[in-house]
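In: just the structure for this:
(one chain, ligands or ions: 3)
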Amino acid sequence: RIGLKVGVDIAGGVLVVTLTDIRDLKGRETLFRSLFDDNPVPMFVRSQSTGNFLNVNEAALRLYGYSRSDFLDRSLAEIRVDGTTIRESDGREMVLRHRTADGRELDVIEYTSETLVDHQVAILSTIVDITERKRAEAHITYLAHHDPLTGLANRTVFTCELERAVVSLKQDGRRFGVVLIDLDNFKTVNDTLGHAAGDALLIEVTARLKELVRKTDVVARLGGDEFAILVPAVECRSDVEELGQRVIRDLTAIRKVDGAEIVIGASIGAAMIPDDAADIDSLLKCADLALYRAKQSDKGTFRWFEAGMDMRQRERRALEIELRGAEIDREFELHYQPIIRTQTGKLRGFEALLRWHNPRRGMVSPADFIPIAEETGKLDELGRWALAVACREAATWPRELVLSVNVSPVQFRKGDLVGTVGLALAGSGLEPHQLEIEITESVLLSASSTNLAILKQLRSLGVRIALDDFRTGYSSLSYLRQFPFNRLKIDRSFVREIGRCPESLAIVRAVIGLGASLGIDTTAEGVETVAQLEALRAEKCGELQGFLFSPPVASESVAAIIGTYFEEASRLA
Ligand code: C2E
Ligand code: CA
Ligand code: CA
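Out: Ligands and ions are numbered 1, 2, ... in the order given. Predicted coordinates:
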């Protein structure tokens with residue numbers, strides 16, 4: 001015996017008679033019901049043609065939070081979050097996002113298969129909720145890539161970002177920079193106020209760094225109190241430096257943590273690809289060396305990587321020993337580089353620059369030995385010697401020429417600088433107004449009230465004071481208010497970028513304008529091309545110095561240079 005159901009349909013003008021074994025169908029329906037309705041896995045059925053829901057099981061109602069009738073009133077489009085198909089494999093399994101009745105979003109895997117409901121093709125969906133699993137996975141990935149305390153990228157992610165920057169450099173030639181930041185005094189905060197305060201400080205530092213950077217910059221915490229910023233697509237080096245200066249300023253402004261008063265600051269080292277390095281490893285090394293120097297020189301300093309910083313530690317040690325034992329009179333010499341008045345083309349004077357003829361190595365650059373001499377204390381003696389010798393030399397020049405001598409911050413700290421200068425003048429007969437002392441801004445940074453007093457005493461001797469390597473950092477500007485400098489020397493890095501980067505000319509213009517408004521003369525260093533000369537002349541920069549006119553020369557050649565300039569002047573007159 002069979003149960004027979006007879007169906008009659010007209011399809012395309014043809015009479016279709018279907019005979020179905022009902023007994024079997026009933027069995028299948030019961031089976032379907034029990035597999036469907038009572039299944040702990042959420043399922044629903046929708047019409048293939050309209051997308052409307054035809055059936056839903058209890059588990060799905062629990063998952064989505066609808067009553068049966070509410071659910072059946074909806075279509076699939078209403079529970080799917082648009083555009084979120086995450087993975088689609090062979091059309092039967094999809095990872096996507098669904099929305100529940102109360103608006104929560106679920107990550108689900110939807111398995112689909114075709115079925116027949118009331119003779120219509122329908123789609124049965126089986127849902128696996130992977131929200132929790134994904135959240136856990138995402139959290140693990142996040143932890144692997146971020147610093148848990150600050151939420152910043154960690155070293156791994158930072159390196160990946162650097163690699164991406166290298167790729168884009170190859171594609172469109174955009175150079176990029178890295179800024180390494182090390183907090184000054186962090187250890188003190190940690191030791192005196194405890195770890196909770198240290199953590200709070202790191203979080204505050206993070207917040208400030210995030211405010212300072214552009215969207216495309218990447219801030220990372222590399223460990224401890226060390227942070228880094230990747231600055232992609234750099235046009236002007238000064239942009240990187242300005243960012244660094246703002247970081248120093250904003251972090252130094254942190255005065256309280258957890259209600260306790262603190263004093264912190266930041267030291268910064270920076271380097272760029274391709275300017276300083278060709279690959280990521282050496283870029284980080286360069287920035288690290290610059291940071292090391294920044295920390296050594298004075299707190300709150302920004303340093304670019306410079307050639308010579310990468311001298312190997314052992315090499316440096318050897319040089320240190322040789323420098324200690326060096327006989328100054330025999331091994332050292334001063335060279336003199338002319339400084340030219342821009343408007344008249346006349347000679348204004350010379351800058352004295354130290355040269356070391358090392359018996360074993362030959363010539364060693366001051367960029368390499370001055371920092372070592374500063375550390376070892378040799379600069380004390382060397383500085384006194386340089387002042388005395390340079391003044392004696394300059395006393396033989398025409399009286400209208402000015403001698404510039406570099407003086408290191410160390411000479412302010414140790415020894416009697418005012419006495420040394422007084423002796424050098426008295427011993428040579430050089431007029432005080434013929435002597436100009438060049439200092440860097442770090443002189444005003446450390447123990448500034450003592451140093452300020454020394455500067456004032458020097459001024460009262462009649463000596464001029466120039467601010468060397470002038471950059472545009474906020475700090476530099478504040479120094480101009482602290483002390484009436486006679487001269488600003490615009491750092492070579494800006495002059496070098498004239499013509500390469502439009503902003504650098506704007507910066508140079510601003511510095512010259514600033515100087516003019518304060519009654520301070522400006523000298524541009526490192527003028528190498530006629531184009532730079534012309535740009536600087538157009539900006540009314542007072543004086544120029546650079547290889548375009550002459551490199552520093554030995555004292556034997558000074559007279560010849562003076563001769564040509566004076567001859568020319570008398571020829572023109
Ligand atoms: P500085 O005071 O900024 O001196 C200018 C430097 O720029 C000199 O380097 C000079 O040779 C170089 N220079 C001048 N024109 C050009 C140019 O057109 N292109 C390029 N690329 N370079 C140019 P030098 O002689 O190697 O001295 C390096 C630094 O060492 C000086 O920088 C100064 O900070 C320090 N130094 C030199 N002599 C003394 C000194 O007697 N005492 C102290 N404390 N520091 C000194
Ligand atoms: Ca100088
Ligand atoms: Ca300089």
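
In: how about low-confidence regions in the stretch 451-573 of the chain?
Out: The stretch 451-573 of the chain contains residues with pLDDT under 70 at 472-477, 569-573.

In: quick one, helices of it?
Out: Secondary structure of the stretch 451-573 of the chain by DSSP state H, counting those that start in this stretch: the helices cover 474-482, 492-497, 502-518, 530-538, 555-572.

In: which one of those lies nearest to Thr126?
Out: With CB to CB, the closest approach to Thr126 among the helices of the stretch 451-573 of the chain belongs to helix 502-518: 60.7 Å. Every C-beta, even on glycine, is put in place using the N, C-alpha and C of the backbone.

In: give me the buried positions along the closest one.
Out: 503-505, 507-509, 511-512, 514-515 (16 or more other CB atoms under 10 Å).

In: just send those residues back as a markdown table, with distance to Ala294 too.
Out: Below are the buried residues of helix 502-518 laid out as a markdown table (distance: CB to CB, whole Å):
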| residue | distance to Ala294 |
| --- | --- |
| Glu503 | 23 |
| Ser504 | 22 |
| Leu505 | 27 |
| Ile507 | 21 |
| Val508 | 24 |
| Arg509 | 28 |
| Val511 | 22 |
| Ile512 | 27 |
| Leu514 | 25 |
| Gly515 | 26 |
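
In: Thr440 against Gln411, yeah?
Out: No - using CB atoms under 8 Å, Thr440 is not in contact with Gln411, being 11.6 Å away.

In: ok, back up a step: in CSV, list the helices of the stretch 451-573 of the chain along with distance to Leu467.
Out: Below are those laid out as CSV (distance: least, CB to CB, whole Å):
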stretch, distance to Leu467
helix 474-482, 7
helix 492-497, 14
helix 502-518, 10
helix 530-538, 18
helix 555-572, 25
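
In: quick check: which of those helices is buried the most?
Out: For these, the largest average neighbour count (mean count of other CB atoms under 10 Å) is found in helix 492-497, namely a mean of 20.

In: output the contacting helices and strands for that one.
Out: Applying 3 or more CB pairs under 8 Å, 6 or more residues apart in numbering; DSSP states H and E, one finds that helix 492-497 contacts helix 237-252, helix 502-518.

In: need the contact partners of it.
Out: Here helix 492-497 makes contact (CB atoms under 8 Å, 6 or more residues apart in numbering) with 236-238, 241, 304, 469, 471, 504, 507-508, 511, 524-528, 532, 536, 546.

In: redo that, cut-off 10 Å
Out: Residues from elsewhere that reach helix 492-497, judged by CB atoms under 10 Å, 6 or more residues apart in numbering: 235-238, 241, 304, 469-472, 501, 503-505, 507-508, 511, 524-529, 532-533, 535-536, 541, 544-546.

In: which residue is the nearest non-sequential neighbour of the residue positioned nearest the centre of the chain?
Out: Centroid-nearest residue in the chain, with CA atoms, centre = their mean: Val179, separated by 3.2 Å. Counting by CB to CB, 6 or more residues apart in numbering, Val179 lies nearest to Ile229, which is 4.4 Å off, once chain neighbours are set aside.

In: do I have it right that that neighbour meets Gly177?
Out: Yes - counting by CB atoms under 10 Å, Gly177 is a contact partner of Ile229 at 8.5 Å.

In: and Gly269, how far from ligand 1?
Out: Remark: distance between Gly269 and ligand 1 (CB to the nearest ligand atom, to the nearest Å) = 18 Å.

In: hmm, I typed the wrong one, I wanted Glu567.
Out: Glu567 is 23 Å from ligand 1, by CB to the nearest ligand atom.

In: Leu382 now?
Out: Counting by CB to the nearest ligand atom, the gap from Leu382 to ligand 1 is 7 Å.

In: what sits closest to that residue if chain neighbours are left out?
Out: Distances taken as CB to CB, 6+ apart place Ala373 nearest to Leu382, at 5.6 Å, with adjacent residues excluded.

In: go on, Pro40?
Out: Of all residues not flanking Pro40 in the chain, Ala59 sits nearest, at 5.5 Å (CB to CB, 6+ apart).

In: which helix or strand contains the one you found?
Out: helix 58-64 (DSSP states H and E).

In: give the contact list for His195.
Out: Contacts for His195 (CB under 10 Å, 6+ apart) come out as Val189.

In: quick one: it from Asp184, how far?
Out: The gap separating His195 from Asp184 is 19 Å, by CB to CB, to the nearest Å.

In: equivalent analysis for Arg293, please.
Out: Note on Arg293: its distance to Asp184, by CB to CB, is 14 Å.

In: between these two, tell me which one has more neighbours.
Out: Set Arg293 next to Asp184 and count neighbours by other CB atoms under 10 Å: Asp184 wins out with 21 against 18.

In: and the more buried one, what's its pLDDT?
Out: On the pLDDT scale, Asp184 is placed at 88.

In: hang on, it packs against Leu291?
Out: No - Asp184 sits out of contact with Leu291 when judged by CB under 10 Å, with a separation of 11.6 Å.

In: list residues touching both of the two?
Out: The contact sets of Asp184 and Leu291 overlap at 267, 301 (CB under 10 Å, 6+ apart).

In: so for the helix or strand harbouring Arg208, mean pLDDT?
Out: For Arg208, the host element (DSSP H and E) is helix 195-212. In this model, helix 195-212 has a mean pLDDT of 94.

In: with only the CA atoms kept, save it in PDB.
Out: Extracted C-alpha coordinates of helix 195-212, given in PDB (Å, rounded to 0.1, in the frame of the first residue of the first chain):
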ATOM      1  CA  HIS A 195      55.100  52.200  38.900                       C
ATOM      2  CA  ALA A 196      51.500  53.300  38.700                       C
ATOM      3  CA  ALA A 197      52.600  56.900  38.300                       C
ATOM      4  CA  GLY A 198      55.200  55.800  35.700                       C
ATOM      5  CA  ASP A 199      52.400  54.100  33.800                       C
ATOM      6  CA  ALA A 200      50.100  57.100  34.100                       C
ATOM      7  CA  LEU A 201      53.000  59.200  32.700                       C
ATOM      8  CA  LEU A 202      53.500  56.900  29.700                       C
ATOM      9  CA  ILE A 203      49.800  57.100  28.900                       C
ATOM     10  CA  GLU A 204      49.900  60.900  29.100                       C
ATOM     11  CA  VAL A 205      53.000  61.000  26.900                       C
ATOM     12  CA  THR A 206      51.100  58.800  24.400                       C
ATOM     13  CA  ALA A 207      48.100  61.100  24.400                       C
ATOM     14  CA  ARG A 208      50.300  64.100  23.700                       C
ATOM     15  CA  LEU A 209      52.300  62.400  21.000                       C
ATOM     16  CA  LYS A 210      49.000  61.300  19.200                       C
ATOM     17  CA  GLU A 211      47.900  64.900  19.200                       C
ATOM     18  CA  LEU A 212      51.100  66.200  17.600                       C
END
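
In: pick out whichever of Thr440 and Gln411 has more residues nearby.
Out: Gln411 (25 against 21).
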